[in-house]
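Trainee: The sequence and its predicted three-dimensional model are supplied below.
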Amino acid sequence: MKIVIAPDSFKESLTAQQVCLAVENGLKRVWSNAEYVSIPVADGGEGTMQALIDATSGKKIQVRVKDPRGQTVEASYGLLGNHRTAVIEVAEACGLHLVPASERDTKSTSSYGVGQLIRHALDSGISRLIIGLGGSATTDGGSGMLAALGVKFLNEDGEEIEPCGASMLNVHQIVTTEFDPRLAHCEIIVACDVDNPLCGSSGAAAFFGPQKGASSEDVLLLDKALYQFGQLSEKITQRSIIDSKGSGAAGGIGAAFLGYTNARLQPGIDVVMTMLDVETKMQGAHMVITGEGKLDQQTAHGKAPVGVAKIAKKFDIPVVAVAGCTNDGYQVLYEHGIDAVFTCVPRAMSLSDAFSEAQTNLSNLAENIARTYQLALGK
């Protein structure tokens with residue numbers, strides 16, 4: 001019997017690798033001789049870097065970079081086992097978590113640190129970049145990232161401007177003569193799960209700005225600034241940027257990749273499933289167990305469990321999803337390839353207890369799943 005265990009992390013509780021181990025330990029109480037294939041997965045967001053590092057025997061590279069407010073912090077990116085591919089999560093360098101809630105001002109934040117991570121990876125000799133968008137504290141159109149890679153932004157007097165969200169209003173010229181030429185020869189895959197354009201009512205400022213501390217007045221200012229940046233960028237690159245799907249991702253970092261590189265934007269879960277070669281590993285399996293911390297309606301929209309189930313159904317493999325909890329509407333997952341859903345909390349308990357006991361509870365749940373499966377088979 002072959003069982004594939006392919007969960008995402010249980011946020012704030014267990015890593016995807018720990019979930020795999022807990023589930024396998026529980027199943028072995030019933031199926032001690034089964035073949036187990038563990039594939040810690042992610043959906044292109046948080047945890048993607050670690051999942052790909054683990055799968056390829058890669059390593060984390062620590063780099064000192066500028067955070068969204070220009071302060072020096074330690075950030076990391078993943079260098080995969082082939083030493084030719086780097087995985088960068090933009091939130092490592094310009095994440096919302098790096099700015100205290102009371103101090104958030106997306107008009108003045110910059111994605112410069114992301115560019116520093118990319119430059120360091122290029123210096124390491126990589127030829128492929130996998131970029132995870134999401135969770136940024138910035139709304140600068142990726143101008144900070146571009147500046148770290150050699151692009152210059154000039155005002156009407158020809159003076160260089162330090163890029164941030166608001167400063168793009170004052171840009172009259174973008175100079176790309178010193179833009180890092182290595183990017184032209186680098187394969188860039190951007191994991192992106194939103195299709196928001198750069199500007200407008202569903203653009204980077206209007207749609208995502210408020211959660212980054214932007215007031216209604218800030219949103220109007222930032223939208224104008226992004227439009228200014230977008231217009232100049234389209235003129236230079238001869239590419240459609242402002243209205244392109246995904247250009248508004250991560251405060252407009254999507255626009256920078258679309259305009260200034262040969263990047264391909266793909267759904268995050270598709271990027272991860274391909275990189276982990278999940279389809280090949282799943283062939284011949286009798287059961288797939290996936291899951292994440294909370295299963296709800298949102299899980300059906302590009303989250304890891306549904307991505308795993310989609311592949312499993314190519315081979316008619318039954319799929320069981322495990323979680324810490326479910327929310328209203330989780331039943332929609334039955335329409336997306338998941339055959340059964342189980343939660344691992346065995347009794348009423350505090351959130352802190354649920355987190356601390358998650359590994360034990362998950363192993364016990366896995367054992368009961370195996371015993372229930374045995375009953376269904378009449379054994």
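Mentor: Nice, thanks for sending it over. Residues are numbered from 1 along each chain as shown.
Trainee: residues of stretch 237-247 that come out buried?
Mentor: 241, 242, 244, 246, 247 (16 or more other CB atoms under 10 Å). The C-beta positions use only the backbone N, C-alpha and C, and glycine is treated the same way.
Trainee: Now do the SS call for the second one.
Mentor: Read it as residue 242. Using DSSP: H, G, I helix; E, B strand; the rest coil as the criterion, the local structure at residue 242 reads coil.
Trainee: quick one, what contacts it?
Mentor: For residue 242, the contact set (CB atoms under 8 Å, 6 or more residues apart in numbering) comprises 197, 198, 199, 227, 230, 231, 234, 255.
Trainee: would CSV of these with pLDDT and distance to residue 26 be doable?
Mentor: Shown next, in CSV, are those (pLDDT from 0 to 100; distance: CB to CB, whole Å):
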residue, pLDDT, distance to residue 26
197, 96, 46
198, 97, 47
199, 98, 50
227, 98, 54
230, 98, 52
231, 98, 57
234, 98, 55
255, 98, 46
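Trainee: So which of those residues are in strands?
Mentor: Per DSSP state E, strands hold no members of the contacts of residue 242.
Trainee: Which of these are buried, as a PyMOL select command?
Mentor: To isolate the buried ones among these in PyMOL, judged by 16+ other CB under 10 Å, type:
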select buried, resi 197+198+199+227+230+234+255
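Trainee: Go through the contacts of residue 242 and say which is closest to residue 138.
Mentor: residue 255 (12.0 Å; CB to CB).
Trainee: just the strands in the stretch 51-200 of the chain please.
Mentor: Counting by DSSP state E, counting those that start in this stretch, one finds strands in the stretch 51-200 of the chain at the ranges 59-66, 72-79, 85-89, 128-132, 152-154, 173-175, 187-191.
Trainee: can you list the ones you listed in JSON lines and add mean pLDDT, mean neighbour count and distance to residue 302?
Mentor: JSON lines is the format used below for the strands of the stretch 51-200 of the chain (pLDDT from 0 to 100; neighbours: other CB atoms under 10 Å; distance: least, CB to CB, whole Å):
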{"stretch": "strand 59-66", "mean pLDDT": "98", "mean neighbour count": "16", "distance to residue 302": "25"}
{"stretch": "strand 72-79", "mean pLDDT": "98", "mean neighbour count": "20", "distance to residue 302": "21"}
{"stretch": "strand 85-89", "mean pLDDT": "97", "mean neighbour count": "26", "distance to residue 302": "16"}
{"stretch": "strand 128-132", "mean pLDDT": "96", "mean neighbour count": "25", "distance to residue 302": "13"}
{"stretch": "strand 152-154", "mean pLDDT": "98", "mean neighbour count": "18", "distance to residue 302": "33"}
{"stretch": "strand 173-175", "mean pLDDT": "98", "mean neighbour count": "17", "distance to residue 302": "33"}
{"stretch": "strand 187-191", "mean pLDDT": "96", "mean neighbour count": "21", "distance to residue 302": "10"}
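Trainee: Let's have these in TSV, adding distance to residue 260.
Mentor: As requested, the strands of the stretch 51-200 of the chain are exported to TSV (distance: least, CB to CB, whole Å):
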stretch	distance to residue 260
strand 59-66	19
strand 72-79	19
strand 85-89	16
strand 128-132	13
strand 152-154	13
strand 173-175	9
strand 187-191	10
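Trainee: Between those, which one is closest to residue 275.
Mentor: Closest among the strands of the stretch 51-200 of the chain, using CB to CB: strand 128-132, at 7.1 Å.
Trainee: Just give me how far the closest one sits from the chain centre.
Mentor: Here strand 128-132 is found 11 Å from its chain centre; the criterion is CA atoms, centre = their mean, to the nearest Å.
Trainee: now for that strand, which elements pack on it?
Mentor: helix 48-56, strand 85-89, strand 187-191, helix 268-275 (3 or more CB pairs under 8 Å, 6 or more residues apart in numbering; DSSP states H and E).
Trainee: can we see that at 10 Å?
Mentor: Contacts defined by 3 or more CB pairs under 10 Å, 6 or more residues apart in numbering; DSSP states H and E place strand 128-132 against helix 48-56, strand 72-79, strand 85-89, helix 112-123, strand 187-191, helix 253-260, helix 268-275.
Trainee: Sheet partners, orientation included, of it?
Mentor: In the sheet, strand 128-132 lines up against strand 85-89 (parallel), strand 187-191 (parallel) (DSSP bridges).
Trainee: how far off helix 112-123 does it point, in degrees?
Mentor: Following axes from the mean of the first three to the mean of the last three CA atoms, to 10 degrees, one obtains 160 degrees for the angle between strand 128-132 and helix 112-123.
Trainee: what about the stretch 251-379 of the chain, any weak spots by pLDDT?
Mentor: For the stretch 251-379 of the chain, applying pLDDT under 70 flags the ranges 379.
Trainee: For it, which segments count as strands?
Mentor: Under DSSP E, counting those that start in this stretch, the stretch 251-379 of the chain gives strands at 264-266, 287-295, 319-326, 340-343.
Trainee: Switch those strands over to JSON lines; also include mean neighbour count and distance to residue 46.
Mentor: As requested, those are exported to JSON lines (neighbours: other CB atoms under 10 Å; distance: least, CB to CB, whole Å):
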{"stretch": "strand 264-266", "mean neighbour count": "18", "distance to residue 46": "18"}
{"stretch": "strand 287-295", "mean neighbour count": "26", "distance to residue 46": "11"}
{"stretch": "strand 319-326", "mean neighbour count": "23", "distance to residue 46": "16"}
{"stretch": "strand 340-343", "mean neighbour count": "17", "distance to residue 46": "21"}
